[in-house]
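Undergrad: Take this sequence and fold it.
(chains A, B, C and D)
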Number of protein chains: 2
Amino acid sequence: MATTLREVGARAGVSAITVSRALNNTGYVSLETRERITAAISELNYVPNALASSLRSNKTQLLALLLTDITNQFWTTVARGVEDAAMAAGYGVILCNTDEKQAKEAQYLDLLLRRRIDGLLVAPTVDSTGVLQNLQRRAVPFVLIDRAVRDVAADTVRGDTEQGAYEMTTHLLTTGFRRIAMISGPRTVSTAEERVAGYLRALADAAVTPDPQWIYYGRYTESWGYEAAQRLMAQQPRPDALVAANNFIAMGVLEGLQNLGLHVPDDVALVCFDETTQFKTARFLTTVVQPAREMGRLALNLLLARLAEPQRPVQEILLPTELIIRTSCGCQPQGGGPA
Amino acid sequence: MATTLREVGARAGVSAITVSRALNNTGYVSLETRERITAAISELNYVPNALASSLRSNKTQLLALLLTDITNQFWTTVARGVEDAAMAAGYGVILCNTDEKQAKEAQYLDLLLRRRIDGLLVAPTVDSTGVLQNLQRRAVPFVLIDRAVRDVAADTVRGDTEQGAYEMTTHLLTTGFRRIAMISGPRTVSTAEERVAGYLRALADAAVTPDPQWIYYGRYTESWGYEAAQRLMAQQPRPDALVAANNFIAMGVLEGLQNLGLHVPDDVALVCFDETTQFKTARFLTTVVQPAREMGRLALNLLLARLAEPQRPVQEILLPTELIIRTSCGCQPQGGGPA
DNA sequence: TTGTATGCGTTATCAG
DNA sequence: CTGATAACGCATACAA
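TA: The predicted model follows:
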């Protein structure tokens, strides 16, 4: 069907291997033969067969990106960063949405292992420990992105969201809020736990006693944000500020509050993680922004570094986050102001 | 390194080919042997090598999705639809951002052809005719998504945006606006032209004479929307309503107007294509929504159908769009009301 | 600077 | 129902 190295060689009057060398710049090829080969290639419209090449060389130039849901703008941006860096290095990227489900994660991993991908970037799901240990046993290089996993030592790129949570909570405290509730993600996901930790550290620093009833673990979804907002605002006393652990939760919270006839920031303050065009235009939502595109880029480069040097020490990159204050102006605490 | 069919066969006391048959359900294998094989596979942690398989069978179970920019929520959603359908069918998808640039498109295509992908979904760039004809010459199956291309007969899935533009413009006319300007995308992109066509048809039906100075072709970007808004609003007389041909343009328009101190919908009306979480929450922007996820799903299934039956007639699917009215309430024309 | 022999892991083909 | 053989297209190892 398609043209092969041998056919190109025949046309150029050389053997297949010489053509291979000319193409890959491995070994010496005289300038003259090289020119004949180049001519033959374009005459025959030759396109190398990466399958055969990979089978032989054990390298596919294929990577994969496992994330929870590309629909989340945070992940979209990460994906774009990964994509661009991969393209620049001549790699292709297979995109996989796990929806935070172990079953999908496992299914994709099988697909990917069969394809002998060179490595992958993983945003672990709720319980990926087993899957990741399996990868390590098989010596498949991977880089964790956004989330760390207990009992798995691996290259990691993530945002310093403990600090981010600390800063956003401190911002609320400084503004005068005291009854601050936290709506987080799944308890076993590192980011969800870190953000709660940062929240607690800020409260402690301000000598505010945390109320366990105001710390909600759940999911990183809109529906969870909606539900949590409803439940929290039904409590007495009612929180005067809410910290949402990610953008999806915040969107759900906004809907939940609207459903209750409550307004942000007039009735209750809201801060959240991860930027969204929506929040940018809304101009009332203070957010902690993570350098998503940069995270993708760095994670991919870290993966490439490991591919090049499998024995290098494990590296954990913690990227600083940025607090973008958009609420302080129009937003006043409802009561229990500064001590 | 990794376990092979032969090793599995040895352990099960059969030949490699028998194992292959058992795995792929091709040819007969006795129940008893099948059980021994299954046992051997799990004992050895065997993972089939798709590279070898593909090399032999000329099928990679790999597809690609070429789009302009995954960062656009429209494309994110399309990608998700493609992804899910592909996964369900056992295919992997390589994601490629072309940024509307022919060079990137060509570069990716080379990468993909080397990998012998089974087929691809393409959102063509400004000038993809040559590239696509090349694909046809090579008999690589593809499906156009979102955009049609002159001189290229191929399976297509897209939204009926001529009609969508007609409806949104008619909505403005009905509301009472008369000085309606159109900010479109690149002139050679089918969607940009269709949307202008629908806009013109609506004006014609309302017996409003179109002003060529109010029809701007440009790019599908925020910066273009910004620029166009500035230029349009500097004209005399000034438009009282703007039609943005996509969501990025609309976002730029919003910024441009804000920069001029103008408010939507009080000072000027704005309608646009493609939904965004931002627009949903803003609640003042009338939009024409395309069923993006469905588009992705359908396009992928169309591609699978063609893979299964290469000779089937070319099919063009035109999906209806939906007009979501969010502006009529607070938004009144500034002058030149209904005749 | 170029070539020959060989094998990567699988499946198509033919044989039993 | 099962097996032997060859071949997919390329790159490694060794020669010349």
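Undergrad: Distance check, the residue of the stretch 201-339 of chain A found nearest chain B against B:Leu285.
TA: Nearest to chain B in the stretch 201-339 of chain A, going by Cβ to the nearest Cβ, is A:Gln278, at a distance of 4.1 Å. For every residue, glycine as well, the C-beta is placed using N, CA and C. Per Cβ to Cβ, to the nearest Å, A:Gln278 is found 12 Å from B:Leu285.
Undergrad: Neighbour count: these two, which is higher?
TA: B:Leu285 (25 against 21; other Cβ atoms under 10 Å in any protein chain shown).
Undergrad: A:Gly27 against A:Val19, yeah?
TA: No - checked against Cβ atoms under 8 Å, the pair A:Gly27 and A:Val19 is beyond contact range at 11.4 Å.
Undergrad: which of the two has more neighbours?
TA: A:Val19 (29 against 10).
Undergrad: For A:Ala244, give me its contacts.
TA: By Cβ atoms under 8 Å, 6 or more residues apart in numbering or on different chains, the residues touching A:Ala244 are A:Ile183, A:Gly225, A:Ala250, A:Val253, A:Leu270, A:Val271, A:Cys272, A:Phe273.
Undergrad: What residues of stretch A:115-133 count as buried?
TA: A:115-126, A:128, A:131-132 (16 or more other Cβ atoms under 10 Å in any protein chain shown).
Undergrad: tell me, how many neighbours does A:Gly110 end up with?
TA: Small correction: residue A:110 is Asp, not Gly. When counting by other Cβ under 10 Å, one arrives at 12 neighbours for A:Asp110.
Undergrad: Which residues of the stretch 1-150 of chain A lie near DNA strand C?
TA: A:9, A:13-18, A:21, A:27-30, A:32-34, A:52, A:55-56 (Cβ under 7 Å from any atom of the strand).
Undergrad: So which of the residues you listed sit within helices?
TA: The helices, defined by DSSP state H, take in A:Gly9, A:Ala16, A:Ile17, A:Thr18, A:Arg21, A:Glu32, A:Thr33, A:Arg34, A:Ala52, A:Leu55, A:Arg56 from those.
Undergrad: most neighbours, which of those residues?
TA: Of these, with other Cβ under 10 Å as the count, A:Thr18 tops at 22 neighbours.
Undergrad: So it sits against A:Ala10, correct?
TA: No - assessed by Cβ under 8 Å, A:Thr18 is found out of contact with A:Ala10, at 11.3 Å.
Undergrad: Could you measure from A:Arg6 over to chain B?
TA: Plainly put, A:Arg6 is 15 Å away from chain B if you go by Cβ to the nearest Cβ, to the nearest Å.
Undergrad: State the helix or strand in which that residue lies.
TA: Per DSSP states H and E, A:Arg6 falls inside helix A:5-12.
Undergrad: same question, A:Leu270
TA: Using DSSP H and E, A:Leu270 sits within strand A:269-273.
Undergrad: and that strand, what other elements does it pack with?
TA: helix A:161-175, strand A:241-244, helix A:247-259, strand A:286-289 (3 or more Cβ pairs under 8 Å, 6 or more residues apart in numbering or on different chains; DSSP states H and E).
Undergrad: Which stretch among these is buried most, on average?
TA: A comparison of the helices and strands packed on strand A:269-273 by mean neighbour count, using mean count of other Cβ atoms under 10 Å in any protein chain shown, puts strand A:241-244 on top with a mean of 30.
Undergrad: Quick check: neighbours of that one in the sheet, parallel or antiparallel?
TA: Using DSSP bridges, the strands paired with strand A:241-244 are strand A:180-183 (parallel), strand A:269-273 (parallel).
Undergrad: what comes into contact with whichever helix or strand comes after the longest one?
TA: The first helix or strand that comes after strand A:269-273 along the chain, using DSSP H and E, is helix A:277-282. Surrounding helix A:277-282, the residues in contact under the criterion Cβ under 8 Å, 6+ apart are A:73, A:247, A:250-251, A:272, A:285, A:287, A:326, B:251, B:254, B:276-278, B:280-282.
Undergrad: between those residues, which is nearest B:Met295?
TA: B:Thr276 (16.1 Å; Cβ to Cβ).
Undergrad: Phi first, then psi, for the closest one.
TA: Main-chain dihedrals, B:Thr276, degrees, to the nearest 10: phi -150, psi 140.
Undergrad: Who are the contact partners of the closest residue to A:Ile325 other than its chain neighbours?
TA: In this structure, A:Ile325 finds its nearest non-sequential neighbour in A:Thr286, 5.1 Å apart by Cβ to Cβ, 6 or more residues apart in numbering or on different chains. Taking Cβ under 8 Å, 6+ apart, we find A:Thr286 in contact with A:Met168, A:His171, A:Leu270, A:Val271, A:Cys272, A:Leu323, A:Ile324, A:Ile325, A:Arg326, A:Thr327, A:Ser328.
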